[in-house]
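A.B. asks: Below: sequence and its predicted model.
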Amino acid sequence: MSLRPGIAAAAPFLFLMADIAPAAQTNAPEAPKTAIKLTTVAKGLENPWALEFLPDGRMLVTEKPGRLRVIETDGKLGNPINGVPEVMAQGQGGLLDVALANDYATSGRIFLSYSEPRGKGENGTSVASAKLVLSADGGGLEDLKVIFRQQPSYNGKLHFGSRIVVTPDDKLFVTVGERSDVKTRVEAQNPKNHLGKIIYITADGAPGADKPAQDGWDPLIWSIGHRNVQGAALDPATGKLWTLEHGPQGGDELNQPERGKNYGWPVITYGIEYSGGPVGEGISAKEGLEQPVYYWKPSIATSSLLLYTGDLFPAWKGNFLVGALKDMQVQRLVMKDGAVVQHEVLARDLGERVRDLKQGPDGAVYLVTDDGGRIVRMAPQ
């Protein structure tokens, strides 16, 4: 790995604000319980990572070892789709997120994120676009093009981030981790590279904005100071991006990242090292660094974020649903004026790590379980 200079250049940005933001919110009161029913709709997957619904109601699913397949409406698994790019399927790496282009119904265009092997043992998060051509035997990807490569590459197996959010105007938000190690995590503060950042690009990989978010920033960067964002969702009412930051030991975060701002990692955090010691100076606030909207302590190991808009759960409209890996559950966050006012723990007895959440065309919520290899439908009891 060759890290470019730039942390020193970023330092003035860290201290522009005169005041430290108010402390973040945590431990919201419990919301009234919702009676739910969980039903397995598909099984037999190997470490599924992401799900997207196709216009005809079938599901497109990634499996971390490097497979993309369609699940029929009756739950039958389709054959692996040909033409998927090579992935580094070790640790947290592999074939990760999948998203449909806005014009998928006519273009067949999809986006895939994955940990790309790059020689000399190095790798990094990449995003490719391709045309999905389905057939009875599975189908394949055509015209595949890599539109983003996280730089610099690194020899590691952790913190690839890797959620893709497609905006109504055909731009992409891509989350990329800081690769976990002490020598790379500090690069989350460096606005000249892609470690620990949220990326904003066009569907062809060009910068999503006309000029960099701050002077001296890489033009692809939306915001800096992120650890490992694994959940991301766009609020259709406001157009704002919301994200889930997977924290260290404690300190998972819900953020509403704004362009050109710094979200603090690893300078500030509400978590601690897995060894039990402090991260850096052990502080949770500093001038010029943004506070999360909400945080979890202890950590639940947040994975995926869904803003619910359906009619099947009327009381959930406008609420966030959060998948949890370590705690093997879903949390519902009741939102009011941009703040979390209540929370509810759902699917507590699932017993499997929740990797992804998607709202189905029927208004139900579909859970992707990592270790269980299932798609589970959550509906009212």
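C.D. replies: Here it is on my side, so go on.

A.B. asks: Now Arg118: closest residue in space that isn't a chain neighbour?
C.D. replies: Excluding the flanking residues, the one nearest Arg118 by Cβ to Cβ, 6 or more residues apart in numbering is Ser153, at 4.6 Å. C-betas here are computed from N, CA, C, even on glycine.

A.B. asks: pretty sure the one you found contacts Gly121?
C.D. replies: No: in this structure, Ser153 is not within contact of Gly121 by Cβ atoms under 8 Å, at 9.4 Å.

A.B. asks: between those two, who's got more neighbours?
C.D. replies: For Ser153 versus Gly121, neighbours defined as other Cβ atoms under 10 Å are more numerous around Ser153 (21 against 11).

A.B. asks: Glu86: neighbouring residues, count only.
C.D. replies: 10.

A.B. asks: same thing with Arg109?
C.D. replies: Burial of Arg109 is recorded as 17 neighbouring residues (other Cβ under 10 Å).

A.B. asks: gap between it and Leu241?
C.D. replies: For Arg109, the distance to Leu241 equals 21 Å [Cβ to Cβ, to the nearest Å].

A.B. asks: Same question for Ala130.
C.D. replies: The value you get for Ala130 to Leu241, if Cβ to Cβ is used, is 24 Å.

A.B. asks: just Pro212 next, same as before
C.D. replies: 18 Å.

A.B. asks: Sketch out the low-pLDDT regions of the protein for me.
C.D. replies: Confidence mapping of the chain against pLDDT under 70 gives the ranges 1-23.

A.B. asks: quick one, what contacts the nearest residue to Ile81 once chain neighbours are set aside?
C.D. replies: Counting by Cβ to Cβ, 6+ apart, the nearest residue to Ile81 once its immediate chain neighbours are dropped is Leu68, at 4.6 Å. Leu68 makes contacts with 60-62, 80-81, 84, 95, 98, 112, 141, as judged by Cβ atoms under 8 Å, 6 or more residues apart in numbering.

A.B. asks: Torsion angles phi and psi at Leu68?
C.D. replies: Backbone torsions of Leu68, given as degrees, to the nearest 10, read phi -120, psi 130.

A.B. asks: Could you give the bridge partners of it?
C.D. replies: Thr62 (DSSP bridges).

A.B. asks: Quick one: neighbours of Leu305, just the number.
C.D. replies: Neighbour count of Leu305, defined by other Cβ under 10 Å: 23.

A.B. asks: again with Ser180
C.D. replies: Ser180 is flanked by 19 other residues according to other Cβ under 10 Å.

A.B. asks: Which strand or helix spans it?
C.D. replies: Ser180 is part of no helix or strand when elements are defined by DSSP states H and E.

A.B. asks: if I look at the closest residue to it other than its chain neighbours, how far off is Arg227?
C.D. replies: Among residues not flanking Ser180 along the chain, Leu158 sits closest, at 3.8 Å (Cβ to Cβ, 6+ apart). Using Cβ to Cβ, Leu158 is found at 11 Å from Arg227.

A.B. asks: who has more neighbours, those two?
C.D. replies: More crowded of Leu158 and Arg227, by other Cβ under 10 Å: Arg227, with 27 against 17.

A.B. asks: Next, find the distance separating the more buried one from Val98.
C.D. replies: 23 Å.

A.B. asks: Thank you kindly, that will do.
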